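**Q** just need the structure, nothing else, for what follows:
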Amino acid sequence: MTTITIVGTGLMGTSLALAIKSSNLEVDVIGTDYDSTARSGAQKSGGFKKIEAQLSSAIRGADVVVFATPVMAMKEMMQSAAGDFQEGCVVTDIGSSKRAVLDWAEEVLPKHVSFVGGHPMAGREKSGPQNADGTMFKGKPYCIIPSATAEKSAVSSITTLAESIGAKPFFIGVEEHDSFVAAASHLPFMLSIGLMNTTSSSPNWEDIGPLASSGFGDLTRLASGDPTMHRDICVTNAEPIVAWMDAFIRELYDLRNMLAKEGGPDPEAIGKVFEEAVGSRARWQAGIFSTIDRIYGASPEIPSFAESMGEMFVGRRGIEAQKKILQGLKDDPANKK
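**A** Numbering: from 1, shown residues only. Now for the predicted structure:
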């Protein structure tokens, strides 16, 4: 019987265990956590065959090990477990930032294991095993970022795991992942936190609070998330998050200037901006956007960090067009000396 060990039995780790239990995989799922409350909650969830108090006991003999701890705890956990992985073990994670995790894996994991980074695009604002939901992965992208030394069989194992819980495997480069997830996931919770802190620190909050309704609740929902998780994401993926925050600040400042226009706001111009946003969201909800085939083994060219930053604003096609233009200028005899 294949054994999967999940290190970290909080919301995500326990949700993954429940999803695996409901799948067609014939596996034993072992859990471990340094926190006794998390271990107790995970045991009550029914998603694990066994909960171990010691990391080494949980790791030994496991065929697959999933690190589901906060990102900043992963390096220490990998170091602690380094001597306990069996030959050929597949090691993965479900953290929200990938560059740091892949670097740590390369640095501290033994050579006889394969590391395949993972990130299911799922979650909840509430934390803890008591809020676990094994259905949260269904229909959601599951980012797969193999390390440079990962065996293809290891990548296949994580792909099968993702598919078995109803997720959609999504192969992506590490720099792409950290840049794009900063936009789609990290920027939203930073905005949620910023709105909550801005309004609640107002001297008039006692009067504003009772007026805040569903719209305010929708926009600040992510501020209820796990502070440790949010902190670790920001520390390990700071540069892409800052780039997207700068872009948002520019957009917000443009909107601010439209309202502060001398002579008063232009209703037509403001209405056009709002209509564009309505259309963009409707297309996103309908799944109308360019897609890229991400098939393992196709060996797509992974963009540099600078290129991935550029893609945030002009897109992959824009970057490719720029490359062609620059190459054309380079090849032009008039520009050669």
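**Q** going forward, measure contacts and count neighbours with C-alpha atoms only.
**A** Will do.
**Q** quick one: residues contacting the nearest residue to residue 69 once chain neighbours are set aside.
**A** Closest residue to residue 69 apart from its sequence neighbours, by C-alpha to C-alpha, 6 or more residues apart in numbering: residue 8 at 4.7 Å. By C-alpha atoms under 8 Å, 6 or more residues apart in numbering, the contact set of residue 8 is 31-34, 67-69.
**Q** one more time with 10 Å
**A** Neighbouring residues of residue 8 by C-alpha atoms under 10 Å, 6 or more residues apart in numbering: 14, 31-35, 38-39, 42, 55, 66-70, 73-74, 77, 129.
**Q** ramachandran coordinates for it?
**A** Main-chain dihedrals, residue 8, degrees, to the nearest 10: phi 110, psi 110.
**Q** what's the PyMOL line that selects buried ones from the contacts of residue 8?
**A** Buried members of those can be picked out in PyMOL with the line below, counting by 16 or more other C-alpha atoms under 10 Å:
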select buried, resi 14+31+32+33+38+39+42+55+66+67+68+69+70+74+77+129
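**Q** and the residue nearest to residue 69, how far from residue 78?
**A** 12 Å (C-alpha to C-alpha, to the nearest Å).
**Q** need the residues touching each of these two.
**A** Residues touching both residue 8 and residue 78 (C-alpha under 10 Å, 6+ apart): residue 67.
**Q** wait, residue 147 sits on residue 117?
**A** Yes: the criterion here is C-alpha atoms under 10 Å, and residue 147 meets it with residue 117 at 7.0 Å.
**Q** between these two, which is the more surrounded one?
**A** residue 117 (27 against 19; other C-alpha atoms under 10 Å).
**Q** quick one: contacts for that one?
**A** By C-alpha under 10 Å, 6+ apart, the residues touching residue 117 are 66-67, 91-95, 97-99, 101-102, 105, 143-147, 150, 155, 158, 174.
**Q** the stretch 1-150 of the chain: helices as residue ranges?
**A** Assigned helices in the stretch 1-150 of the chain, in chain order: 11-21, 36-45, 55-59, 74-81, 99-108 (criterion: DSSP state H, counting those that start in this stretch).
**Q** how many residues are close by residue 113?
**A** The burial count for residue 113: 22, using other C-alpha under 10 Å.
**Q** tell me the domain ranges of the protein?
**A** Domain segmentation of the chain under automatic domain parsing yields 2-172, 182-260, 305-335.
**Q** end-to-end on the second one?
**A** Think domain 182-260. 30 Å.
**Q** average pLDDT across that domain?
**A** Domain 182-260 comes out with an average pLDDT of 96.
**Q** check contacts around the residue sitting nearest the centre point of the chain.
**A** Geometric centre of the chain, nearest residue: residue 96, 3.3 Å, by C-alpha atoms, centre = their mean. Applying C-alpha under 10 Å, 6+ apart to residue 96 gives the contacts 70-71, 118-121, 143, 177-178, 181-182, 185-186, 229-230, 232-234, 236-237.
**Q** can you pull the contacts of residue 123?
**A** Shown in contact with residue 123 (C-alpha under 10 Å, 6+ apart): 11-12, 15, 132-133, 136-137, 225.
**Q** how does it look with 8 Å?
**A** Residue 123 sits next to 12, 136 when contact means C-alpha under 8 Å, 6+ apart.
**Q** before we move on, what about residue 69?
**A** Going by C-alpha under 8 Å, 6+ apart, residue 69 touches 7-10, 13, 95.
**Q** only alpha carbons, please: show stretch 16-31 as CSV.
**A** C-alpha atoms of stretch 16-31 as CSV (Å, rounded to 0.1, in the frame of the first residue of the first chain):
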residue,chain,number,x,y,z
LEU,A,16,-5.9,17.5,1.1
ALA,A,17,-6.2,14.4,3.3
LEU,A,18,-10.0,14.4,3.1
ALA,A,19,-9.8,14.9,-0.7
ILE,A,20,-7.4,11.9,-1.1
LYS,A,21,-9.7,9.8,1.1
SER,A,22,-12.6,10.6,-1.1
SER,A,23,-10.6,9.8,-4.3
ASN,A,24,-10.0,6.5,-6.1
LEU,A,25,-6.4,6.3,-4.8
GLU,A,26,-5.6,3.3,-2.7
VAL,A,27,-3.3,4.9,-0.2
ASP,A,28,-2.7,5.3,3.5
VAL,A,29,-2.5,9.0,4.6
ILE,A,30,-0.3,9.8,7.6
GLY,A,31,-0.3,13.2,9.2
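**Q** show residues contacting it.
**A** Contacts of stretch 16-31 (C-alpha under 8 Å, 6+ apart): 1-9, 39, 42, 45-52, 58, 132-135, 137, 161, 164-165.
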